[in-house]
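In: Quick check, what structure comes out for this input:
(chains A, B and C)
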Amino acid sequence: MEHIEQKYLEIKQKLFDKVYQSLNEKQRDAVFTVNDPLLVLAGAGSGKTTVLVRRIAFIIRYGNAYYSEYIPYGVDERRVAELENALTLPTSEIEEFILPQFASDACAPYRILAITFTNKAANEIKERLSKMFPDDEATASEIVTGTFHSVCVRILRRHGDRMGYRDGFTIYDTDDTKKAMLEAMRRCSIDEKLLPVKGVMNAISRAKDSLLTPDLFAMEAGGDFRKKQISRVYETYQMLLRESNALDFDDLIMQTVLLLKNHEDVRKSYQQRFRYVCVDEFQDTNIAQLQLTVLLSGFYQNLMVVGDDDQSIYKFRGATIENILSFDRTFPNAKVIKLEQNYRSTQTILDAANAVIAHNAGRKGKTLWTAQGDGAKIQQICCDDQNAEARQIIDTVNRAVAKKEATYRDFAILYRTNAQAQSIEKAFARAAVPYRVIGGTRFSDRKEIRDAVAYLQLINNHDDNLRLRRIINEPRRKIGDKTLEAIATIAAEQNCSQFEVIATADRYTALDRSRNTLLQFASLIEGLTEAAKTVAPDVLFDMMLDRSGYRQMLIDAGAEEAERLENLDEFKSGILEFMKENEEPTLTGFLEETALVADVDRYDESADAVVLMTVHSAKGLEFPNVFLPGMEDGLFPGMQTVTAGEAEMEEERRLAYVAITRAKKQLYILHTRSRLLYGQTMYNPISRFVSEIPSSLIEKKEDPYAMKTAPRGTFGVATGAYNTYRGAMAGGNVYGQRGAEAPITQKRTYYSERNPANDITVGKPLTTPKKDTAKTAFRPGDRVKHMTFGTGEILSAKPMGADILYEIIFDRVGTKKLMATYAKLTKL
DNA sequence: ATGGGGCTGCTTTTT
DNA sequence: GCAGCCCCAT
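Out: Now for the predicted structure:
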């Protein structure tokens, strides 16, 4: 009988293997390993999300079927032979008729929790899960999927009262946080010049990541003066948030952890609910997030984490790579599975990535491979400056598109810093190549949007002092700092909210002068609050704009502020969309989404345009062709990194690894001899990360635009320069001097049009110079300056079509005839 | 209270 | 190179 049972279990596994044959062996193992802690080290492009999604579906359908040693009653030779026969059936039939028989302790979907970092990832998982259950909508929607922050908000909305938060609490974003922090520093009489807010914000944010309360922080500070100062700010800041019934992003996680830690009944209810917990991008978690997942999975201990230690690039915002590196020490019974087969890139690209990352010491160690073959070599192109670099990219794109080898969307330009986007963007606009810039200033960062949100937030939560201050004088109501200070003082004395003081302004002599405006403002907000109870969010939004006078203010400003009105319209369509997607669209719900959902999610992969973004934002994405401009020491790795320690360099190297592994077919590495960035010219050697790539994988190319005067830059020479600069860099002086000659601003030879619907910008060359040429026209006798010819005097000006032909006598080079459009003249 | 002009500073970023 | 912010003048 022993033998038969053994055979039964073997054939059962074979049947599962067959149905899941589209996965590789490691992926299958990850899907079938359902119980106990599991760490999946998923290399770039190794099918991580597929594993995550199929594993959840597996748990719902079959539970622990694969590894369960359960033998059902009545297993005999005949039954085993029957199953052996089933192996020859088509997989769809095995899946439909045979596998369900093995289901063992299958799990209800609402008892599974999947946590991600971004909304984008959460949505992708949701979508792919609903495809796993095509004829059963309910199942996929019951699975609890969300970001760390949204999961915590859901918990806090239910049990926040235990932590002293009232219903309808507000979430502060980074900007709000900064404002509150400044206020806290002011109250502690700490000079912003002596202790910059940026540093304080960072310190407090890191403290919350590590679950340090103000008390604990103060204890840790010891005698350290700076830390003691920060500790005071932290305490005051926390008090301000409490008064406003608000939480910042870090609080959402930390307060949830504290809630679960300190309230056994709440903890137990969640622990017993969640039989399975999955965490994506585990390498990006901080201490608080690790604690959260440990607490939530604390009862069943079925915690699966997926991540890639080599793609940990968020240390600067608190991620601790140790979480993933020591997962198997934290959970000694954890199983570890490495996914190293890559389905994205050519072997050439993978070899390059492997070679670079091999220089890091702090890693688990993985080597990516593919069955797809070597593919094309990596192109390494040296250019004169950032403009030549941009032209190189454009030429390459245009050539491929003209030959119909690719479309615009097949190309991505990934850079280290957002500032690099500028010169590339300009060149794209001028060349009329459609492009999109992802990241940078966000829609929701615009003043009018923030103002509108602040109004809605205040309507939703009258205690929100920060938002109150933001909009009380917007539009102008003649309420300035003096009045606001008086209000704050009274609120502190009366121990009530600032809004309450405003609503009862007639009681305080200090508010005599602005009494009427304040009462009016209070009744405006109260009226809207009343309306919010009955009216849909979009209607409320319009009422708010009209009654507050905000809309009128923009209309009065005329053409200058027309764009702001358009943006408010776009915001309203966002409200409408939210109402469509939610059965019970409440104001609180909408505000929550606005606070927790960034508009980067608007990146639409189907739009046909070249995409520009930072390497950080490109994580998780892939493109057939990838350009990496600015691969230079001093830029990537950045200056700070070069002078900092080895840990920082390793993080930067992981970033390079992420950059390289975005490419599917072709990778272009670009660097320049000189570069104008932040108004300074710098001369950088090629990035050390490029020299870590075996030269056999690279094809080197000189920029054909290279100026004749440039030193014939053979790469041998470049290598020499590399060492020189490396030495110079230790001294910390690679950047050119400040005040290097500013280039004369070029007249625009294009105008660009951005389509707000898809964010694609297409530049259009100006065929007929606009009238303003005539306005800036020069008259005979005018002294002018030309970029190359120097100073001179206009002799004559003849209109030529829409252009003007000047005859100019230059001080140095004599008489020249020049067309106004091309001459780039400036008046002296 | 408000608006304009000079000065500083400046990786990376999601929530 | 440019944006954001502080200070000063109105």
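
In: where does the stretch 451-600 of chain A have low pLDDT?
Out: The model of the stretch 451-600 of chain A has pLDDT under 70 over residues A:598-600.

In: What is the neighbour count of the one residue in it that gets nearest to DNA strand B?
Out: With C-beta to the nearest atom of the strand, the shortest gap between the stretch 451-600 of chain A and DNA strand B falls at A:Gly480, namely 2.2 Å. In short, each C-beta sits where N, CA and C put it, glycine included. A:Gly480 has 12 neighbouring residues, counting by other C-beta atoms under 10 Å.

In: On the pLDDT front, check the closest residue to DNA strand C within the stretch 51-200 of chain A for me.
Out: Nearest to DNA strand C, among the residues of the stretch 51-200 of chain A, is A:Glu192, at 6.2 Å (C-beta to the nearest atom of the strand). Looking at A:Glu192, its pLDDT reads 82.

In: next one: A:Thr767
Out: 46.

In: Same question for the one 10 residues further on.
Out: According to the per-residue confidence, A:Ala777 scores 71 in pLDDT.

In: With A:Asp772 instead?
Out: If you check A:Asp772, the pLDDT there is 39.

In: still on that earlier bit, isn't the residue of the stretch 451-600 of chain A closest to DNA strand B right up against A:Ala486?
Out: No. Look at A:Gly480 against A:Ala486 with C-beta atoms under 8 Å: they stay out of range, at 10.5 Å.

In: Report the helix or strand with the lowest average pLDDT across chain A.
Out: Sorting the helices and strands of chain A by mean pLDDT, DSSP states H and E puts helix A:715-730 at the bottom, at a mean of 30.

In: ok, and for the stretch of helix or strand A:Glu577 belongs to, which residues are buried?
Out: Taking DSSP states H and E as the criterion, A:Glu577 maps to helix A:562-581. Buried residues in helix A:562-581, counting neighbours by 16 or more other C-beta atoms under 10 Å, are found at A:Arg564, A:Asn567, A:Leu568, A:Phe571, A:Lys572, A:Gly574, A:Ile575, A:Phe578, A:Met579.

In: mind checking the backbone torsions on the residue of chain A found nearest DNA strand C?
Out: Of all residues in chain A, A:Gly679 sits closest to DNA strand C, at 2.3 Å by C-beta to the nearest atom of the strand. Backbone dihedrals for A:Gly679, given as degrees, to the nearest 10, come out at phi 70, psi 10.

In: try A:Thr348
Out: Dihedral pair for A:Thr348: phi -60, psi -50, per degrees, to the nearest 10.

In: now do A:Thr672
Out: Backbone dihedrals for A:Thr672, given as degrees, to the nearest 10, come out at phi -130, psi 160.

In: what's the burial count for it?
Out: Around A:Thr672 there are 26 residues (other C-beta under 10 Å).

In: swap in the one 5 residues further on?
Out: Other residues near A:Leu677 number 19, with proximity taken as other C-beta under 10 Å.

In: beta partners for it?
Out: In this structure, A:Leu677 bridges to A:Gln680 when assessed by DSSP bridges.

In: That one contacts A:Ala419, correct?
Out: Yes. A:Leu677 is within contact range of A:Ala419, at 5.9 Å (criterion: C-beta under 8 Å).

In: on that earlier part again, can you list the buried residues of helix A:562-581 in a markdown table and add distance to A:Gln520?
Out: Below are these laid out as a markdown table (distance: C-beta to C-beta, whole Å):
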| residue | distance to A:Gln520 |
| --- | --- |
| A:Arg564 | 24 |
| A:Asn567 | 27 |
| A:Leu568 | 23 |
| A:Phe571 | 25 |
| A:Lys572 | 25 |
| A:Gly574 | 29 |
| A:Ile575 | 26 |
| A:Phe578 | 30 |
| A:Met579 | 30 |
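
In: ok, and of these, which contact DNA strand C?
Out: Filtering the buried residues of helix A:562-581 for proximity to DNA strand C by C-beta under 7 Å from any atom of the strand leaves nothing.

In: wait, which of those is closest to A:Gln392?
Out: Among the buried residues of helix A:562-581, A:Asn567 lies closest to A:Gln392 (C-beta to C-beta), at 35.3 Å.

In: residue contacts, that closest one?
Out: When contacts are counted by C-beta atoms under 8 Å, 6 or more residues apart in numbering, A:Asn567 touches A:Phe443, A:Arg446, A:Glu448, A:Ile449.

In: I'd like to know which of those residues are part of strands.
Out: Applying DSSP state E to these, no entry is found in strands.

In: what's the farthest-apart pair in the residues you listed?
Out: The two members of the contacts of A:Asn567 with the most space between them (C-beta to C-beta) are A:Phe443 and A:Glu448, at 10.5 Å.

In: out of the two, which sits in the more crowded spot?
Out: For A:Phe443 versus A:Glu448, neighbours defined as other C-beta under 10 Å are more numerous around A:Glu448 (20 against 16).

In: what residues are up against the residue nearest to that one when sequence neighbours are not counted?
Out: Spatially, and ignoring its direct neighbours in sequence, A:Glu448 is nearest to A:Arg564 (4.3 Å; C-beta to C-beta, 6 or more residues apart in numbering). Counting by C-beta under 8 Å, 6+ apart, A:Arg564 touches A:Arg446, A:Lys447, A:Glu448, A:Leu554.

In: what's the pLDDT at A:Ala706?
Out: 59.

In: and A:Asn461, what does it touch?
Out: By C-beta under 8 Å, 6+ apart, A:Asn461 lies in contact with A:Gly168, A:Phe169, A:Thr170, A:Ser244, A:Asn245, A:Ala246.

In: So which bits of stretch A:695-703 are buried?
Out: Applying a neighbour-count criterion of 16+ other C-beta under 10 Å, one finds A:Leu697, A:Ile698, A:Asp703 buried in stretch A:695-703.

In: Am I right that A:Ile115 sits in a strand?
Out: Yes. If the criterion is DSSP: H, G, I helix; E, B strand; the rest coil, then A:Ile115 is within a strand.
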